[in-house]
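Enquirer: predicted structure and sequence below. I'll ask about it afterward.
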Amino acid sequence: MNDFKQEIISVSHLNKVFEDGVTVIKDISFSVYEGEVLGIIGPSGSGKSTMLRCITQLTTVTGGSVSICGQNIVKDGIYADKQSLRQIGLNLGLVFQNFNLFPHFSVLQNIMDAQMHVLNKTAAEAEQTAMILLEKMGLTEKAKAYPCELSGGQQQRVSIARALAMKPKVLLFDEPTSALDPELTGEILAVIRGLAEENMTMVVVTHEMAFARDLSDHIIFMDGGVIVEEGDPESVINHPQIDRTKAFLSRFSGR
Amino acid sequence: MTQMLVIMLQGTAVSLEVFFLTLLFSVPLGLPITAARMSKNVIISQAANVFMLIIRGTPLMLQLIFVYFMPYHLFKISWDRFIAAIVALSVNYAAYFAEIYRGGILSIPKGQYEAAKVLGYTKWQTFFRIVLPQVVKRIIPAMGNEVITLVKDTALVQVIGVAELLHVAQTTSSRLFSTMPLFVAGVFYFVMNWAVSAAFQQLEKKLDYYR
């Protein structure tokens, strides 16, 4: 089924060893195809976030290859030149656990600024894109507000809008609801679900098991820096085969 | 009395000139010093470190004397005492400002840099569009302190013969056999610093729209 779809992210034999000698990612390979949602689950410290950081160039890999839309960021541990890295990086959007909005910019400026100064859009174009996205996020009336005046859920929706404004080929989420009060997680999950319905390609690192199961086309369970189990969501989450996956998921059985 | 005030206002004008010119040069000069101090290149950062140790570890009065008289001792050339005063004060204050900037830069969360990088900002854009505006807000109280000190430190330039306010007050005082000029000078310094704190409070208020 994936044969005629473009491969958006390709990770092969990825390795990451921290400077203190701790290996956080061991020989991981996977692909994400256009329109697909990949869910990544696993305990804290399993290397999920580090893997997203390797893909988004926030940290360097120690070995292996990562390519985005067929262009190599790193091939067998050797990085592309700076100019290409920046260009390829523009295909990726990242939503952080702590939102990381720019506090000195209004909501509207947060969404407009990179469009204008990175993509060289005019102010009018950038504002139009921003207002369409804000409407989609249900935050039109907050355009002039500053991040400190918003709830966590509203801030996270702004940060999703900020990432989408750059028209990325794939959107990566690093535990997008972990910093939110339980009653606010729902609004973020609804937004991500809406994006999935529009066939946005996404990689979602999450602790929300039911959400991962319902949303993802493919699930990876990571532990100790390796992929312990992967497959379609139904089988990984409801019928795990490996003991470590079973042990991890049993803690979530109440949810 | 009027004549005394006129002379002292002339001295105040010199003090204000020293004050504003020093600010004008030292505020931007602090930035490259911070950049050097925070450089990944050990030689550059150590050079900046030694420079700051010397500047902050010796009396400003001595630095004024050194800057004014050194060219004469080395090359037998003398230069303008006012320019020497501005150079010495600017370099001295730039070193202090650099440390304040560094503290401000270090207080910006890593997430701001990461968000900017993923959005495709260059390093320069990240610094000037995202980091620096936030640093400005955070360092205002510390800068206010330093600028108030600068108003009072302008009195030191008299050691190399620049006729600023306190110098004029002292000579007038001995000529008139009266402490009145010294008292008036004190009032003048106080009023100048009152204006400085008011300006900083205003600035702080203006940047209060975000946290």
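Expert: Noted; the coordinates are in hand.
Enquirer: now do stretch A:218-235: distance from first to last residue.
Expert: By Cα to Cα, to the nearest Å, the extent of stretch A:218-235 from end to end equals 10 Å.
Enquirer: next one: that stretch to chain centre, how far?
Expert: The chain centroid and the centroid of stretch A:218-235 are separated by 16 Å, computed with Cα atoms, centre = their mean, to the nearest Å.
Enquirer: next one: stretch A:105-120
Expert: Stretch A:105-120 sits 20 Å away from the centroid of its parent chain (Cα atoms, centre = their mean).
Enquirer: contacts for it?
Expert: The contact list for stretch A:105-120, computed with Cβ atoms under 8 Å, 6 or more residues apart in numbering or on different chains, reads A:90, A:101-102, A:121-123, A:125-127, A:129-131, A:133-134, A:139, A:142-147, A:150, A:158-159, A:161-162, A:165-166, B:119-121, B:125, B:129. All C-beta spots, glycine's among them, are computed from the backbone N, C-alpha and C.
Enquirer: show me what from the stretch 151-255 of chain A comes close to chain B.
Expert: Applying Cβ under 8 Å from any Cβ of the partner chain, we find that the stretch 151-255 of chain A lies next to chain B at A:Ser159, A:Arg162, A:Ala163, A:Met166.
Enquirer: count of neighbours near residue 94?
Expert: Defaulting to chain A. For A:Leu94, the number of neighbouring residues by other Cβ atoms under 10 Å in any protein chain shown comes to 26.
Enquirer: hmm, I had chain B in mind actually
Expert: Using other Cβ under 10 Å, B:Ala94 has 24 neighbouring residues.
Enquirer: count the residues that sit near B:Ala98.
Expert: Using other Cβ under 10 Å, B:Ala98 is surrounded by 26 other residues.
Enquirer: quick one: it and B:Val27 touch, right?
Expert: No. With contact defined as Cβ atoms under 8 Å, B:Ala98 does not count as touching B:Val27 (10.5 Å).
Enquirer: which residue, neighbours along the chain excluded, lies closest to A:Ser67?
Expert: A:Ser10 (4.7 Å; Cβ to Cβ, 6 or more residues apart in numbering or on different chains).
Enquirer: next up, the contacts around the residue at minimal distance from the centre of chain A.
Expert: The residue lying closest to the centre of chain A (Cα atoms, centre = their mean) is A:Leu172, at 1.5 Å. Remark: with contacts taken as Cβ under 8 Å, 6+ apart, A:Leu172 is in contact with A:Leu52, A:Ile55, A:Thr56, A:Leu92, A:Gly93, A:Leu94, A:Val95, A:Met202, A:Val203, A:Val204, A:Val205.
Enquirer: now the helices for chain A?
Expert: Counting by DSSP state H, chain A has helices at residues A:48-55, A:82-89, A:107-117, A:123-136, A:152-164, A:182-197, A:209-215, A:233, A:243-250.
Enquirer: the contacts of stretch A:105-120, buried ones only, as a PyMOL selection?
Expert: To isolate the buried subset of the contacts of stretch A:105-120 in PyMOL, counting by 16 or more other Cβ atoms under 10 Å in any protein chain shown, use the following:
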select buried, (chain A and resi 90+101+102+121+126+127+129+130+131+133+134+139+142+143+146+147+150+158+159+161+162+165+166) or (chain B and resi 119+120+121+125+129)
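Enquirer: for A:Gly152, which residues are in contact?
Expert: Counting by Cβ under 8 Å, 6+ apart, A:Gly152 touches A:Phe99, A:Ala179, A:Leu180, A:Asp181, A:Leu184.
Enquirer: ok, then the element right after the biggest helix by length in chain B?
Expert: Ordering each helix of chain B by length in residues (DSSP H) puts helix B:2-37 first. Using DSSP states H and E, the next helix or strand after helix B:2-37 towards the C-terminus is helix B:42-57.
Enquirer: among the contacts of A:Gly152, who's most crowded?
Expert: Most surrounded of the contacts of A:Gly152: other Cβ under 10 Å gives A:Phe99, at 24 neighbours.
Enquirer: now the residues of the stretch 151-255 of chain A next to chain B in JSON lines, with pLDDT and distance to A:Phe221?
Expert: Formatted as JSON lines, those follow (pLDDT from 0 to 100; distance: Cβ to Cβ, whole Å):
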{"residue": "A:Ser159", "pLDDT": "97", "distance to A:Phe221": "26"}
{"residue": "A:Arg162", "pLDDT": "97", "distance to A:Phe221": "30"}
{"residue": "A:Ala163", "pLDDT": "97", "distance to A:Phe221": "26"}
{"residue": "A:Met166", "pLDDT": "97", "distance to A:Phe221": "30"}
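Enquirer: could I get those residues as JSON lines with distance to B:Ala115?
Expert: Output for these, formatted as JSON lines (distance: Cβ to Cβ, whole Å):
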{"residue": "A:Ser159", "distance to B:Ala115": "8"}
{"residue": "A:Arg162", "distance to B:Ala115": "8"}
{"residue": "A:Ala163", "distance to B:Ala115": "9"}
{"residue": "A:Met166", "distance to B:Ala115": "12"}
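Enquirer: closest to chain B among those residues?
Expert: A:Met166 (6.3 Å; Cβ to the nearest Cβ).
Enquirer: which residue packs closest to B:Leu166, ignoring adjacent ones?
Expert: Leaving aside its chain neighbours, B:Leu166 sits nearest to B:Ala155 (4.1 Å; criterion: Cβ to Cβ, 6+ apart).
Enquirer: next: A:Asn199.
Expert: Excluding the flanking residues, the one nearest A:Asn199 by Cβ to Cβ, 6+ apart is A:Gly35, at 4.3 Å.
Enquirer: residues touching that neighbour, list them.
Expert: Here A:Gly35 is in contact with A:Lys5, A:Asn199, A:Met200, A:Thr201 (Cβ under 8 Å, 6+ apart).
Enquirer: out of these, which end up buried?
Expert: The buried subset of these - by 16+ other Cβ under 10 Å - is A:Met200, A:Thr201.
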